[in-house]
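J.: have a look at this prediction, sequence included:
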Amino acid sequence: MTDSKLGLHINNWSGEILKFAECQPAVMKSIDHNPDMLKKFRRVSCDTLWIGRVYIDDQEFHNPKRDAQRITSLILGGLRGCRYDVLEGINEPDIGEDVERAKELSELNIYLARLLKAEGYQYAAYSFSATRPHLPLWPYLEPALKEADYLAMHAYSPGRLSQYDQRWYLFNYRLSWEALSEQIKKTLKGILLTELGCARGLLGGPDVGWKAGGDIANRHYGNDLIEADKQLDDYIIGATIFQTGDRSAKWHTFEVEELFPGLMKHIKNFYRTVKVPDSEKEEPKMKNPITIGIRQDYKVWDSPIVDIKTMEMEEYLRYCLPYEMYASWKPEALKAGAIAARTYATWMKKHGKHLGIALCNSACCQVMGPKTDTRTDRAIRETEGIIMTYQGEPIKAMYFSFCDGHTTNGGLPYLKAQPCGCRDIAPEDTPIAKHNNGLCQWGAQAMALQGATYREILRHYYAGVEIDGEKALPERANDLQEALNELGKARAILKTAHDVGTGHIQKAEELILSRKCNGK
């Protein structure tokens, strides 16, 4: 069996699904209970972990023990002779942010786990929908995980995998895993993603699936699933793709049968990179670490912080700069932006202490997203370690997107009002920033288009700063230097003229002398 975690969610068995057994998937799930098909599949792929779910419409549970007995009877009676490895209980329970509801659900799952395990099955608790549950509820939900074998969750995304929002939905299970205690993590066998897929309904519309409207080609969606497989964490035991075998018109836009050839090839041939156990490797020391608070949604500046990461400064900038500036801009503008972002982060490490950390990943501080770009990577690499200082200290390198043609005084000696050429190139509807202190990003691009270097751009917007230890010349010194440069050019021209003139004189003298010698 390969290291792929992908399998199928079967709504309705068909002969085509039996072919899938050839790729030896790690996990499969079915809500269509056909013992004959299940036996045929197992003969070909005996190591596949099978999950079964019986459709239960009733989600009311006010007497956990009695309700667990009722639900267990419904599950066992609905299997129709199928012997699965793992069973699920209530599908996508809705408990909102209600603590008492969470406690009742936990107690219900405790009894379900005990009853179903007594029948010889493993149990996967909860089967929460994507982006659920409310993270602060996990302490009240944990007791059931001591009894269960797996945590069941669903992972859906509302659009293309290349978009950050989709990735956030798809990998939201990570937030729940991090919210669990270490004891529970050791108790569980892992997470089963019992539904994996694409549902644009997550954005507020109907659940119309990936095929609706024809805006996602099957090759793209197939590649998205394969890329998701590569990024699933070690504690994910398996992920079943919703869905195969249309059972009703409601779900036909989720069908993935046409993707079988590519998925089977991927599952057969995919092996994950072997990870060295933590006990066998030394943790490398970071040269310039920075601690980042990860908000639940980086686009919402005041959304709750759900994780904290410590990264190398230069690596952090790789995920920051593409979200703060357009990667298509001129290299000198990107370099100026990289140095401003690095300097601001350096200042925040010492002075900011934003909620007990250096920075967060939203516009509250500096936006940090999930993707990098080769163009911004190059700007960061070519300015590695360079920051701006004033009187030997890193500056608070404020910057913004667009102004009204002039920056404003920022109350610091290096944040002085300056004329800005941003209006010459920015679209007319570009919004003006709330603060206009420091570097204007559109203005930096305008200067770069006119041939300015990143040092010239930075010194225009930050008065009197040192860049990488190099002091700026005073204004009069700049004028003097320019005059000296012009004088040097004039001297070079005069020297050339002198050399040419001397050569002509020498030739004339030689000609006169030769004529005298010849008696002419």
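T.: Ah, there it is.

J.: helix, strand or coil for the nearest residue to Leu359 once chain neighbours are set aside?
T.: Sequence neighbours aside, Cys365 is the residue nearest to Leu359 in space, at 4.0 Å (criterion: C-beta to C-beta, 6 or more residues apart in numbering). Where you see a C-beta, it was placed from the backbone N, CA and C, and this is true even at glycine. Following DSSP: H, G, I helix; E, B strand; the rest coil, we place Cys365 in the coil state.

J.: pull the number of nearby residues for Cys365.
T.: 22 (other C-beta atoms under 10 Å).

J.: same check, this time on Thr389
T.: Quick note: Thr389 (other C-beta under 10 Å) scores 18 neighbours.

J.: would it count as being in a strand?
T.: Yes. With three-state DSSP as the criterion, Thr389 is part of a strand.

J.: give me the pLDDT value at it.
T.: As predicted, Thr389 sits at a pLDDT of 96.

J.: so it sits right up against Glu466, yeah?
T.: Yes. Between Thr389 and Glu466 a contact is recorded at 4.8 Å, counting by C-beta atoms under 8 Å.

J.: separation between the residue nearest to Leu359 and Ile395?
T.: 16 Å (C-beta to C-beta, to the nearest Å).

J.: and the nearest residue to Gly469 once chain neighbours are set aside, what does it touch?
T.: Computed as C-beta to C-beta, 6+ apart, the closest residue to Gly469 that is not its neighbour in sequence is Thr389, at 7.7 Å. Counting by C-beta atoms under 8 Å, 6 or more residues apart in numbering, Thr389 touches Ile395, Val465, Glu466, Gly469.

J.: repeat for Gly421
T.: Gly405, Gly443, Ala446, Met447, Gln450.

J.: list the contacts for the residue nearest to the fourth one when sequence neighbours are not counted?
T.: The shortest distance from Met447 to any residue that is not its chain neighbour, by C-beta to C-beta, 6+ apart, is 4.9 Å, and that residue is Ile457. Shown in contact with Ile457 (C-beta under 8 Å, 6+ apart): Glu332, Ala333, Ala336, Leu439, Ala444, Met447, Ala448.

J.: state the distance from the fourth one to Lys416.
T.: If I follow you right, that is Leu439. 12 Å.

J.: check the third one too.
T.: Summarising the geometry, the distance separating Ala336 from Lys416, computed by C-beta to C-beta, is 17 Å.

J.: between these two, which one's more packed in?
T.: Taking other C-beta under 10 Å, Ala336 and Lys416 do not tie; Ala336 has more neighbours (35 against 16).

J.: list the buried residues in the helix or strand encompassing the more buried one.
T.: Element membership of Ala336 [criterion: DSSP states H and E] is helix 331-347. Going by neighbour count (16 or more other C-beta atoms under 10 Å), the buried part of helix 331-347 is 332-347.

J.: mind checking how far the helix or strand that Arg43 is a member of is from the chain centre?
T.: Following DSSP H and E, one finds Arg43 within helix 35-44. Relative to the chain's own centre, helix 35-44 is displaced by 40 Å; criterion: C-alpha atoms, centre = their mean, to the nearest Å.

J.: now for it, which elements pack on it?
T.: Applying 3 or more C-beta pairs under 8 Å, 6 or more residues apart in numbering; DSSP states H and E, one finds that helix 35-44 contacts helix 15-19.

J.: is it fair to say the residue nearest to Met447 lies in a helix?
T.: Yes. Assigned with three-state DSSP, Ile457 falls within a helix.

J.: and it, what's its pLDDT?
T.: Listed pLDDT for Ile457 reads 97.

J.: can you pull out the strands in the stretch 351-500 of the chain?
T.: For the stretch 351-500 of the chain, applying DSSP state E, counting those that start in this stretch gives strands covering 359-360, 388-390, 393-394, 399-400, 439-440, 466-467.

J.: what does the helix holding Arg43 rub up against?
T.: By C-beta under 8 Å, 6+ apart, helix 35-44 touches 13, 17-18, 20-22, 28, 30, 48, 50, 80-84.

J.: among these, which are in strands?
T.: Met28, Ser30, Trp50 (DSSP state E).

J.: chain neighbours aside, what residue packs nearest to Arg80?
T.: Closest to Arg80 by C-beta to C-beta, 6+ apart is His33, at 4.3 Å.

J.: ok, the closest residue to Lys349 other than its chain neighbours to Thr291 distance?
T.: Spatial nearest neighbour of Lys349, chain neighbours left out: Ala358 (4.8 Å); criterion: C-beta to C-beta, 6+ apart. Per C-beta to C-beta, Ala358 is found 5 Å from Thr291.

J.: compare these two (neighbour count), which wins?
T.: Ala358 (24 against 16).

J.: check contacts around the more buried one.
T.: Contacts of Ala358 by C-beta under 8 Å, 6+ apart are Ile290, Thr291, Ile292, Ala345, Met348, Lys349, Gly352.

J.: and Arg114, by the same measure?
T.: Counted by C-beta under 8 Å, 6+ apart, Arg114 has contacts Glu147.

J.: and if you look at Asp233?
T.: Taking C-beta under 8 Å, 6+ apart as the test, what Asp233 contacts is Arg174, Trp177.

J.: can you check Asp67 too?
T.: Asp67 neighbours (C-beta under 8 Å, 6+ apart): Glu60, Phe61, Leu108.

J.: helix/strand/coil for Lys285?
T.: Relying on three-state DSSP, one would call Lys285 coil.

J.: tell me how many other residues crowd it.
T.: 6.

J.: quickly note the distance from Gln296 to Gly337.
T.: Gln296 is 26 Å from Gly337, by C-beta to C-beta.

J.: then Tyr316?
T.: On the measure of C-beta to C-beta, Tyr316 and Gly337 end up 14 Å apart.

J.: ditto for Met311
T.: For Met311, the distance to Gly337 - C-beta to C-beta - is 19 Å.

J.: picking up where we left off before, in the helix holding Arg43, what counts as buried?
T.: Met37, Leu38, Phe41.

J.: before we move on, what about stretch 311-331?
T.: For stretch 311-331, using 16+ other C-beta under 10 Å, the buried residues are 311, 313-314, 316-327, 329-330.

J.: centre of the chain to it, how far?
T.: That offset, for stretch 311-331, works out to 13 Å (C-alpha atoms, centre = their mean).

J.: which residues are contacting it?
T.: 286-290, 292, 298, 333-334, 337-338, 341-342, 345-346, 366-373, 375-382, 384-385, 399, 441, 445, 448-449.

J.: what subset of those is buried?
T.: Buried among the contacts of stretch 311-331 (16+ other C-beta under 10 Å): 290, 292, 298, 333-334, 337-338, 341-342, 345-346, 366-368, 372-373, 375-377, 379-380, 399, 441, 445, 448.

J.: rewinding a little: next up, the contacts around the residue nearest to Arg80.
T.: His33 is in contact with Gly52, Val54, Gly78, Leu79, Arg80, Gly81, Cys82, counting by C-beta under 8 Å, 6+ apart.
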